[in-house]
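K.L.:
Have a look; sequence and predicted model below, questions after that.
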Amino acid sequence: MWRRLLLEGTTCLLQAADPKVLHHRHLSSPCSRLLTQRRPCVLRLRDAGFPLAHGGTRAFKKDANSNAEFPASPITVTEIKQYIRSKDIPFHDGYSCLHVPSIFVQPPARRDAFSLFVDKTTGQFLCKDTLVEGSWEDLQDCLEVMQKEEQDFLSPHVLLGYPESVEEQEDRECELREVQRIWSSAVPLTDVPEDEVQLVKTMFQITKLSNATLKKFGVRLFKPTKSLVFPWFGGPDSSLKGVKLLSAQNTDTEKVIYKEATVPKCSSYYNLFGLPLVSRMDSEVVLTGHELDTLAVSQATGLPSVALPRGVSCLPPILLPYLEQFKQVTLWLGGDIRSWEASKIFSRKLGLRRCSLVRPGEYRPCPVEALAQGKNLSQIVKASIPAAHKSIVSFRQLREDVYGELLNTEQVAGVKWTRFPELNRILKGHRKGELTVFTGPTGSGKTTFISELALDLCTQGVNTLWGSFEINNVRLAKIMLTQFAMQRLEENLEQYDFWADKFEELPLYFMTFHGQQNIKTVLDTMQHAVYLYDINHVIIDNLQFMMGQENLSVDKFAVQDHIIGAFRKFATNSSCHVTLIIHPRKEEDDRELQTASIFGSAKASQEADNVLILQEKKLVTCPGRRSLQVTKNRFDGDVGIFPLDFIKSSLTFSAPIKGKHKLRKVPPTKPENEEAEKGNEVAKEAKENEVAKEAKKKKEEVKKVKAVKANKTMETLQPATGK
Ligand SMILES: Nc1ncnc2c1ncn2[C@@H]1O[C@H](COP(=O)(O)OP(=O)(O)OP(=O)(O)O)[C@@H](O)[C@H]1O
């Protein structure tokens, strides 16, 4: 990262750190496409977007995703403490942050207020008084300069970023005008006739929410779209920073579907709704996933409550300083399994000791529903369970979890693919904390296929991190964008911005590694990304790029086993799905791959929860037909194979022609035991039958083609496309 540190306009210090994760928005503008070719430019480019939570004053483009820089080397809390101590600065050890007196506030005002928060995981800091924020390196620079210049505080304007471009400035001003326009044309609910208010409440299914509660939280009505408007007030002047508009759609199932839109757009929307109503003395809070839930909790329990800006999808670390004052945090994020999983993950960031979780269930829906059903919300909050669990548990402690899994089998099975229904039938879904090993012949389309598979999940809100060591990020993003737009954008360049804008909104990140990498560096980067962006899915393309840096005197297979073990551990400990691409061993060309064909020892297939193989049938006349085979599925044992049609213009594999191909299930194997290969024999046999059948079919096809060819004139003798 590059940052200019200016002191009284004279001292100028440039520092470079090493960001290892890149948000895909940085790959989407034409200029970044050029710049990312050269590493230092990537660094500057990232820094061009610098966000400020709660409406800071620095004149930077607000970009939620470029906020989090990675330190040159991972920093530990011990190192942070040691450094701060070495500067003779007092600090309090908080839950997620260290609290220090702000160096941006003139003494003595800062004496008792420990208003500068240093994130214990990343070292990033935020001064709540001035809203100055920056990386751990920035803070070190500031402290060094202060010491050198013998100053006892620094001007809040000391840290400057690169100035905004005219376009960025215009965008920001336009956004602010839009916020003001919506807010001023929205009507306070107290000014709306009562019968109209009742109508709105019925539409949103919030009839139990009182007018007083809506007024207290400043909720307004935007009549043109019949939306509720939730304000974002922030900054030292508590000014209006943004708005969230919520509209309600009634469905046949009596369940209302909410749609929301924010200005600024969701990636820069950092509102902890309800925060202005929290007093400095409050030590308890209920954290919800929705503004309406916060209204319900506040009204029914009288407890302070704040809502996360993007629901259960993430808890950006930049919000953590605002939650430091609470000794007790109850997470009541919703009534489904996804909320439950998110609350377990978020409580790690918040500090397990102070967190308790409301377990979703029949009697514990989300707060606004609980209020509508006349439940006792105070009792539900009181009955929340501590997030910190012991290493040994009894079934009594597990029985609710087991019941929850039995009750919500569909949700437990994970996120379903929209483009690969056959995969849903075999694997049932994409689940957190699993390790998927994926292999296929060289050049068969592994990257292309996994790219689409991951994109499918990402468009459904699965926060995704790519580690592409073989092909560069620009090429990978180009493949994904083509798959996203489902068309060849080279031929429709006028549509580029339209698709790039939509693509930019996806929760998609790239590691900026290329070529051989050290496994530890990669794992550190993944760990940081999980913390910063709540990554749910990491794709590593491919394992072989981590082998080169390891000690070559050690057995190659042992190195691979060690790496696979490390990814396995990461997936489990971080509740994050890892998809690992591994090259196959050299096999004979006409033989299909099997689990045992994965390069290395049997460790990969033993450790993996899922083993996927991209099968390619070699044909002389045309590109071979691909199929996807699942040879291991730890979740429920179903394995099988289905054909894939490749559409070259969109680089997609989805949508095989209906009726032409049928999903074939093969009997489950027992691949987890040491006789994994043996266990696969049933599947192998079935596969061999399939191969024989396919071969017969192919022969007939070839015969037919030959016959047709014979009847045709010379100019019709075109090479077959294979489709
Ligand atoms: N089913 C297919 N039929 C024809 N071409 C394909 C198919 N799938 C992918 N391709 C094309 O083949 C090329 C190689 O694809 P890709 O890089 O995804 O393969 P890979 O298996 O990841 O390669 P490697 O073994 O080098 O890692 C790309 O140009 C891609 O567009």
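P.N.:
Received the coordinates, thanks. All of these numbers come straight from a predicted model, not from anything done at the bench.
K.L.:
Okay, now the unreliable bits of the stretch 151-300 of the chain?
P.N.:
Residue ranges of the stretch 151-300 of the chain with pLDDT under 70: 159-164, 252-253.
K.L.:
which residue ranges form the strands in it?
P.N.:
Secondary structure of the stretch 151-300 of the chain (DSSP state E, counting those that start in this stretch): strands at 159-160, 187-188, 220-222, 227-234, 239-250, 256-263, 284-288.
K.L.:
For the last one, buried residues please.
P.N.:
Put plainly, it is strand 284-288. Within strand 284-288, the residues scored as buried using 16 or more other CB atoms under 10 Å are 285, 286, 287, 288. Every C-beta, even on glycine, is put in place using the N, C-alpha and C of the backbone.
K.L.:
could the strands of the stretch 151-300 of the chain be laid out in CSV, adding distance to the ligand?
P.N.:
Formatted as CSV, those follow (distance: least, CB to the nearest ligand atom, whole Å):
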stretch, distance to the ligand
strand 159-160, 42
strand 187-188, 54
strand 220-222, 46
strand 227-234, 43
strand 239-250, 39
strand 256-263, 36
strand 284-288, 42
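K.L.:
coming back round to it: which single one of the buried residues of strand 284-288 is nearest to residue 601?
P.N.:
residue 287 (45.1 Å; CB to CB).
K.L.:
What's the separation between the closest one and residue 346?
P.N.:
According to CB to CB, to the nearest Å, residue 287 and residue 346 sit 8 Å apart.
K.L.:
got any residues that touch both of those two?
P.N.:
Contact criterion CB atoms under 8 Å, 6 or more residues apart in numbering; residues shared by residue 287 and residue 346: 331, 333.
K.L.:
The closest residue to the ligand within the chain: neighbouring residues, count only.
P.N.:
Minimum separation of the chain from the ligand (CB to the nearest ligand atom) falls at residue 445, amounting to 2.5 Å. For residue 445, the neighbour count with other CB atoms under 10 Å is 19.
K.L.:
Let's see the pLDDT reported for it.
P.N.:
Residue 445 is assigned a predicted lDDT (pLDDT) of 92.
K.L.:
doesn't residue 626 make contact with it?
P.N.:
Yes: contact status for residue 445 versus residue 626: in contact at 6.3 Å, counting by CB atoms under 8 Å.
K.L.:
Need the overlap of contacts for these two.
P.N.:
Here residue 445 and residue 626 share the contacting residues 614, 616, 646, 653, scored by CB under 8 Å, 6+ apart.
K.L.:
So which of those reach the ligand?
P.N.:
By CB under 6 Å from any ligand atom, the members of the shared contacts of residue 445 and residue 626 lying near the ligand are residue 646.
K.L.:
picking up where we left off before, which of the buried residues of strand 284-288 lies closest to residue 196?
P.N.:
Distances from residue 196 to the buried residues of strand 284-288, taken by CB to CB, are shortest for residue 288, at 26.7 Å.
K.L.:
List the contacts of the closest one.
P.N.:
Shown in contact with residue 288 (CB under 8 Å, 6+ apart): 294, 297, 305, 306, 307, 308, 332, 333, 366, 367.
K.L.:
out of these, which one sits closest to residue 193?
P.N.:
For the contacts of residue 288, the nearest to residue 193 is residue 294 (25.9 Å; CB to CB).
K.L.:
Count the neighbours of the closest one for me.
P.N.:
Residues lying near residue 294 (other CB under 10 Å) number 30.
K.L.:
list the contacts for it?
P.N.:
Residue 294 neighbours (CB under 8 Å, 6+ apart): 217, 273, 274, 286, 288, 305, 306, 307, 367.
K.L.:
Roughly how far does the nearest residue to residue 424 once chain neighbours are set aside sit from residue 458?
P.N.:
Nearest residue to residue 424, sequence neighbours excluded (CB to CB, 6 or more residues apart in numbering): residue 416, at 4.8 Å. Using CB to CB, residue 416 is found at 14 Å from residue 458.
K.L.:
Look at these two and report which has more neighbours.
P.N.:
More neighbours surround residue 458 than the other of residue 416 and residue 458, with 22 against 17 (other CB under 10 Å).
K.L.:
which residue packs closest to the more buried one, ignoring adjacent ones?
P.N.:
residue 464 (4.4 Å).
K.L.:
is residue 331 in a bridge, and if so with what?
P.N.:
Beta-bridge pairing of residue 331 under DSSP bridges involves residue 287, residue 357.
K.L.:
Now that it has come up, it's in contact with residue 287, right?
P.N.:
Yes: counting by CB under 8 Å, residue 287 is a contact partner of residue 331 at 5.0 Å.
K.L.:
follow-up on the earlier one: need the winner for burial among the strands of the stretch 151-300 of the chain.
P.N.:
Across the strands of the stretch 151-300 of the chain, averaging neighbours per residue (mean count of other CB atoms under 10 Å) puts strand 284-288 on top, at a mean of 25.
K.L.:
Check the offset of that one from the chain's centre.
P.N.:
Averaging C-alpha coordinates over strand 284-288 and over its chain gives two centres that are 23 Å apart (CA atoms, centre = their mean, to the nearest Å).
K.L.:
Now it - C-alpha only, PDB.
P.N.:
This file holds the C-alpha atoms of strand 284-288, laid out as PDB (Å, rounded to 0.1, in the frame of the first residue of the first chain):
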ATOM      1  CA  GLU A 284     -25.400  -4.700  26.600                       C
ATOM      2  CA  VAL A 285     -26.600  -4.800  23.000                       C
ATOM      3  CA  VAL A 286     -28.700  -7.100  20.800                       C
ATOM      4  CA  LEU A 287     -27.200  -7.400  17.300                       C
ATOM      5  CA  THR A 288     -29.700  -8.100  14.600                       C
END
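K.L.:
got any residues that touch both of residue 331 and residue 287?
P.N.:
Listed as contacting both residue 331 and residue 287 by CB under 8 Å, 6+ apart are residue 346.
K.L.:
So which residues on the chain come close to the ligand?
P.N.:
440, 442-448, 470, 623, 626, 646, 651.
K.L.:
Considering only helices and strands, which part of the chain has the lowest mean pLDDT?
P.N.:
When the helices and strands of the chain are scored by mean pLDDT, DSSP states H and E, helix 39-48 comes last with a mean of 23.
K.L.:
following it, which helix or strand shows up next?
P.N.:
Toward the C-terminus, helix 39-48 is succeeded by helix 77-86 as the next helix or strand (DSSP states H and E).
K.L.:
Residues touching that next one, excluding its own?
P.N.:
91, 93, 98, 100, 118, 120, 121, 123, 136, 140.
K.L.:
Spatially, what comes nearest to the residue nearest the centre of the chain if we skip its sequence neighbours?
P.N.:
By CA atoms, centre = their mean, the chain has its centre lying nearest to residue 463, at 1.9 Å. Spatial nearest neighbour of residue 463, chain neighbours left out: residue 507 (4.2 Å); criterion: CB to CB, 6+ apart.
K.L.:
likewise residue 422?
P.N.:
Computed as CB to CB, 6+ apart, the closest residue to residue 422 that is not its neighbour in sequence is residue 642, at 4.0 Å.
K.L.:
quick one: the one you found is in a strand?
P.N.:
Yes: membership of residue 642 in a strand is supported by DSSP: H, G, I helix; E, B strand; the rest coil.
K.L.:
My understanding was that it contacts residue 625; is that so?
P.N.:
No: judged on CB under 8 Å, residue 642 makes no contact with residue 625 at a distance of 11.6 Å.
K.L.:
Compute the distance between residue 91 and residue 266, please.
P.N.:
If you go by CB to CB, the gap between residue 91 and residue 266 works out to 34 Å.
K.L.:
what's near enough to touch residue 513?
P.N.:
20, 467, 469, 521, 522, 525.
K.L.:
try 6 Å this time
P.N.:
The neighbourhood of residue 513, defined by CB atoms under 6 Å, 6 or more residues apart in numbering, consists of residue 469.
K.L.:
Assumed it was part of a helix.
P.N.:
No: checked against three-state DSSP, residue 513 lies outside a helix; its state is coil.
K.L.:
Report pLDDT for the residue nearest to residue 422.
P.N.:
Residue 642 carries a pLDDT score of 91 in this model.
K.L.:
before we move on, what about the one 4 residues further on?
P.N.:
Model confidence at residue 646, given as pLDDT, is 91.
K.L.:
So which of the contacts of helix 77-86 is the closest to residue 251?
P.N.:
Closest to residue 251, out of all of these and judged by CB to CB, is residue 121, at 41.1 Å.
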